[in-house]
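> I would like the atomic coordinates for the input below:
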Amino acid sequence: MIARWLRRTRTNRVQLTSPLAAVPTPPSAGVLSCRVLDPVNEPVRYAEFAVTDTMGRPVVSGGTDPYGSFVTTVPAGEYRLAVQAEGYTPYRVTTQVTENTLASLGDVTLQLARPAELPGPGDWEMEPAHSSIGFTARHIGMARIHGQFKSFAGVVRLADPVERSAMHVVIDAASIDTNMRMRDDHLRSADFLDVERFPTIEFYSDRFVHKGGNRWAVTGALSLHGVTRTVTLDTEYLGLGNGMEGEVRAACRATTELHRDDFTVSWQTMLARGIAVVGPSINVELDVQVVRRG
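Down below sits the predicted model:
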């Protein structure tokens, strides 16, 4: 009797402490896991992972937890795992997952990536032909409106170090384009941008903060609709390249979120009737290439 109780207790303890005990595993499935570390064995929080099959088709993706770990259930088979995080070289491995088994890759160590070469000091001009300033907004709480400003100009005065750089961008407010003429005319009117009174949208920054790897925060003053607010662009530097004529150019992507009420851009007539024609926040996306001036 005592021996039977000891065997049952030992079995229960194994079931409770096994990693599979905490993960529901359907028939013909297994569990894939690993912990992502940096070169000094600290967890890489929120690293991105992607699992694909042998044909390259996506199976599951997501991010690691605050301890650098992830656990996922997949059908038994062979898989390719890719792990990446800002500032690190991507890690790739192929592994086999069998039924009702934990396929643990253990600790995966990411190596620091070599930062992309920065452009040299001097004045660099935005090239409109290879740049875009776009935005996305909600329309009456449902579909998304995608638009862009077709006419703009900008200069980045790069310093050494880059943290002392400055930039100035001027956008023609009347160049807004959402691919619908009636809507664009309304957005240009006094109900929204009021381009007759405020013909330009301007951004000036002299604060470049390196966030690690190729990530930068560019903070400055955005003047829109007669109101100026502090805005930060979450910026990813993409590196240097050569144009068709051999000229050196640099590229980056940047995003930010604006709130209409911060700039008093609202359509009061419709809001009074309880209809929010455009959502309260606008997501702005910039793809920029710059070439050295002169």
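> C-alpha only now, for contacts and for neighbours.
Will do.
> for the stretch 1-150 of the chain, what are the low-confidence residue spans?
For the stretch 1-150 of the chain, the stretches flagged by pLDDT under 70 are 1-24, 138-143.
> any chance you could map the helices in it?
2-17 (DSSP state H, counting those that start in this stretch).
> quick one, strands of the stretch 101-250 of the chain?
Secondary structure of the stretch 101-250 of the chain (DSSP state E, counting those that start in this stretch): strands at 102-109, 122-126, 132-139, 144-149, 152-158, 166-172, 176-177, 200-212, 215-224, 227-242, 248-259.
> what strands flank the last one, and is each parallel or antiparallel?
In the sheet containing strand 248-259, its partner strands are strand 227-242 (antiparallel), strand 278-292 (antiparallel), by DSSP bridges.
> mind checking which of these is nearest Asp177?
Nearest of the strands paired with strand 248-259 to Asp177, taken as CA to CA: strand 278-292 at 13.8 Å.
> give me the mean pLDDT for that closest one.
The pLDDT scores in strand 278-292 average 86.
> if we can go back for a sec, just the strands paired with strand 248-259: most buried one?
Among these, strand 278-292 has the highest mean neighbour count (mean count of other CA atoms under 10 Å), at a mean of 19.
> tell me the angle of that one relative to strand 132-139?
170 degrees (axes from the mean of the first three to the mean of the last three CA atoms, to 10 degrees).
> hang on, the earlier thing: need the strands paired with strand 248-259 in JSON lines (columns: distance to Arg45).
Output for these, formatted as JSON lines (distance: least, CA to CA, whole Å):
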{"stretch": "strand 227-242", "distance to Arg45": "19"}
{"stretch": "strand 278-292", "distance to Arg45": "25"}
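> quick one: closest of those to Ala50.
Among the strands paired with strand 248-259, the nearest to Ala50 by CA to CA is strand 227-242 (21.0 Å).
> can I get the closest one in CSV, CA atoms only?
The C-alpha coordinates for strand 227-242 follow below in CSV (Å, rounded to 0.1, in the frame of the first residue of the first chain):
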residue,chain,number,x,y,z
VAL,A,227,0.0,74.5,-33.3
THR,A,228,3.5,73.3,-32.3
ARG,A,229,4.1,70.1,-30.3
THR,A,230,7.1,68.0,-29.4
VAL,A,231,7.2,64.8,-31.4
THR,A,232,9.6,61.8,-31.4
LEU,A,233,10.3,59.8,-34.5
ASP,A,234,11.2,56.2,-33.8
THR,A,235,13.9,55.8,-36.5
GLU,A,236,15.7,52.8,-38.0
TYR,A,237,18.8,53.7,-39.9
LEU,A,238,19.2,51.4,-43.0
GLY,A,239,22.8,52.2,-44.0
LEU,A,240,24.6,53.7,-47.0
GLY,A,241,24.3,52.8,-50.7
ASN,A,242,25.2,54.1,-54.2
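> residues in contact with it?
116-119, 214-223, 248-256, 262-264 (CA atoms under 8 Å, 6 or more residues apart in numbering).
> likewise for stretch 153-172?
119-128, 149-152, 199-210.
> quick one: buried ones out of the residues you listed?
Buried residues within the contacts of stretch 153-172, defined by neighbour count using 16 or more other CA atoms under 10 Å: 119, 123-128, 149-150, 152, 199-209.
> pairing partners for the residue most central in space within the chain in the sheet, please.
Centroid check for the chain by CA atoms, centre = their mean gives Thr255 as the closest residue, at 7.7 Å. For Thr255, the beta-bridge partners under DSSP bridges are Asp234, Glu285.
> in contact with it, which residues?
Leu233, Asp234, Thr235, Asn283, Val284, Glu285, Leu286.
> apart from its neighbours in sequence, what residue is nearest the third one?
This points to Thr235. Once flanking residues are discounted, Thr235 sits nearest to Ala254: 4.2 Å by CA to CA, 6 or more residues apart in numbering.
> what does stretch 37-47 rub up against?
By CA under 8 Å, 6+ apart, the residues outside stretch 37-47 that reach it are 35-36, 63-69, 83-86, 107-112.
> no, scratch that, I was asking about stretch 190-209
With contact meaning CA under 8 Å, 6+ apart, stretch 190-209 is reached by 162-174, 186-189, 216-226, 265-268.
> swap in 7 Å and give it another go.
By CA atoms under 7 Å, 6 or more residues apart in numbering, the residues outside stretch 190-209 that reach it are 163-174, 187-189, 216-226, 265-267.
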